[in-house]
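*Asks:* Build the 3D model from these lines:
(one chain, ligands or ions: 1)
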Amino acid sequence: MGSSRLEQKAKTTGPSNEPSCGTVRAYNRGCRCLRCGRAYSLYRTDRRQAQKRGETRRYIPIAKVQRHLKKLSRQGVGYRAVAAVLDVCPTYIQSVKVGRRRKCIREHIAKRILAVDAGAVSDSALVNSSKSWKVLNKLLERGYSGRQLGRWLGSRFGRLPERGHRMTARMVRNVEQLYKRLNEGRLKRA
Ligand SMILES: [Zn+2]
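*Replies:* The predicted structure follows:
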């Protein structure tokens, strides 16, 4: 297992440092063989899909994003809360915030982080969930499945939030609204 880095390099670059066939680099150097053509078309498809998602390949200086994260911190919004809003891993946001060696960040990611403000985060603040769980337990007793409730609540992976843990303020509000709608008969079991 595990070819060395040197061997891997030998695989992508032939003798005299020419990129070998089946790579985008070889295509860019002008090779139009079948393997290079396929590698290039796969690459183009990936790029087109990324562009549709609004991703650019541009990098911008990270300093502005770090200042923004630090400002949010002072307003009581930590990296965990920012991560919850963006639905990304908290470790990643932390690494952006304190990354000293990191100078740049992808533009589309920077835009998303910069769009987070203290108002948006209050929704993601973690709050006591015991009232919400009383409601959820009632609904489970009525025979609604956790899966169905999770889906209605728009929770991640369509599951109920973890019992005994705090919930986001948004989730607490969703539970209230769901209960009301079910009682008013405005929602039907799927
Ligand atoms: Zn080729």
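*Asks:* now the strands for this protein?
*Replies:* Shown for the chain, the strands assigned by DSSP state E span residues 59-61, 104-106, 126-127, 167-168.
*Asks:* what's the closest of those to R53?
*Replies:* Of all the strands of the chain, strand 104-106 sits nearest to R53, with 11.9 Å by C-beta to C-beta. From N, CA and C alone the C-beta is placed, and that goes for glycine too.
*Asks:* by contact count, what packs against the closest one?
*Replies:* strand 59-61 (3 or more C-beta pairs under 8 Å, 6 or more residues apart in numbering; DSSP states H and E).
*Asks:* List the neighbouring strands of the strand it packs on plus their orientation.
*Replies:* When pairing is defined by DSSP bridges, strand 59-61 lines up against strand 104-106 (antiparallel).
*Asks:* quick one: which of the strands of the chain has the weakest pLDDT on average?
*Replies:* Mean pLDDT values for the strands of the chain show the minimum at strand 126-127, a mean of 76.
*Asks:* How far does it sit from its chain's centre?
*Replies:* 20 Å (C-alpha atoms, centre = their mean, to the nearest Å).
*Asks:* Residues touching it, excluding its own?
*Replies:* R166, M167, T168, A169, V172 (C-beta atoms under 8 Å, 6 or more residues apart in numbering).
*Asks:* Tell me which of the strands of the chain lies nearest to T45.
*Replies:* Checking the strands of the chain against T45 by C-beta to C-beta gives strand 104-106 as the closest, at 19.7 Å.
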